[in-house]
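J.: When you get a sec, could you give me coordinates for this:
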Amino acid sequence: NAFIEPMTIWKNSGNKNNNSYIPKRHDISRQFWRDFSALVVSTDKSHKPGVVSWINRLDEENILEDRILDFKIASVQYGDKDFFVTNVFSDSFQFHSSLISEMNSMWQNMICDCVEFSDEIAKKVWILAKNINLASGGNEVNTSKNFADKAKSDFYIRIDLPFRKWLCAIDPEADNAYDKKIKWREECVKIARQFGNDIICNIDSSAIFGKGKFVDKEKNKTEIKKTIYSAAKAMNIFIAQLKKEESK
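T.: Alright, predicted model coming up:
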C-alpha cells in the first residue's frame, strides 16, 4: 500500500495489469507551483500526498485555523540508471490552508486553470523566440530551438515571483475566484508582452524585416518553397495570440 507513505506525490504507473502507483519525480527545472494540481487534486493519473489529505480533514473539522501554509518539496536528481545521486534540490510555495479543502474545488480548478494558462502563454513565447531567431539567420533544427528553449525558461523565471505572490494573496473567504483569474491572466499577458519586446530589442535590426529560408515542405516532393521569417511579423502574430488566449 504505497499511500501509507504520506509525504510523496504519486502517479499511476501505467501498468495495465494492476492499478499501481509510483512516486512522481520532481523536475529540477520546473517550478513547484506548476504542479499545484498534482499536490491538491487526486485523479486517475495521480494521487495527492497523505499529508495534504490530513490537512484537508483538519480543515473540514474546523480544527485547523485559517492560515498560510508553506509547502516544501525536497528531491534528488539521479545519474545513469539511478545508480547515484547527482544533485539534491528543494522548492516551496505558499497558499491559504482552505484551498486544500475538497469543498473549495472551484478555487482549486481556477488555480489549475491559471497554471495551464501560464503554460499556454509560455508556448507562445517559445514560438515567438524561435521565429525571431530564424529571422536573425538561425538554424531551424538546432540554434532556433535552443534559443526558444532558453526564452521559455526565462519567461517562467519572470512570472515565478508574481505567480507566487498572486497565489499567496488568495483568500477564498474574501475574494472572488473569477476576479482573481482575470487578474492573473492580465498580469501574465503583460509580462509576456514585455518579454517579447525585450527579445526584439536585443536582435539585429536586419531581423525586423527578416531573412529568407528555403524549406522543403514535403519530403516526397521536389518542390522547394521559400519562407520569409520576420521579427516584426512574428511579434504581430504573438500579440494576436496573447489577445486570443486572454479572451478565452
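J.: longest helix of this protein?
T.: helix 105-135 (DSSP state H).
J.: What helices and strands are in contact with it?
T.: For helix 105-135, the packing partners by 3 or more CB pairs under 8 Å, 6 or more residues apart in numbering; DSSP states H and E come out as helix 36-40, helix 143-168, helix 177-201, helix 206-209, strand 211-215, strand 225-229, helix 231-247. All C-beta atoms are positioned from the backbone trio N, CA, C, and that covers glycine.
J.: Deepest-packed of those, please.
T.: Mean neighbour count (mean count of other CB atoms under 10 Å) peaks for helix 36-40 among these, with a mean of 21.
J.: Please identify which of the helices and strands packed on helix 105-135 is closest to Met103.
T.: helix 36-40 (12.4 Å; CB to CB).
J.: What lies in contact with that closest one?
T.: Here helix 36-40 makes contact (CB atoms under 8 Å, 6 or more residues apart in numbering) with 9, 11, 24, 46, 48-49, 52, 71, 99-100, 108, 111-112, 115, 167.
J.: List the contacts of Glu102.
T.: Glu102 neighbours (CB under 8 Å, 6+ apart): 56, 60.
J.: typo on my end, Leu58
T.: So Leu58 contacts Leu64 (CB under 8 Å, 6+ apart).
J.: okay, it: pLDDT?
T.: Note for Leu58: predicted pLDDT of 87.
J.: Can you say which helix or strand has it in it?
T.: helix 50-60 (DSSP states H and E).
J.: quick revisit: show me which positions of the longest helix of the chain end up buried.
T.: Neighbour-count burial for helix 105-135 flags 107-108, 110-111, 114-115, 117-118, 121-122, 124-135 (criterion: 16 or more other CB atoms under 10 Å).
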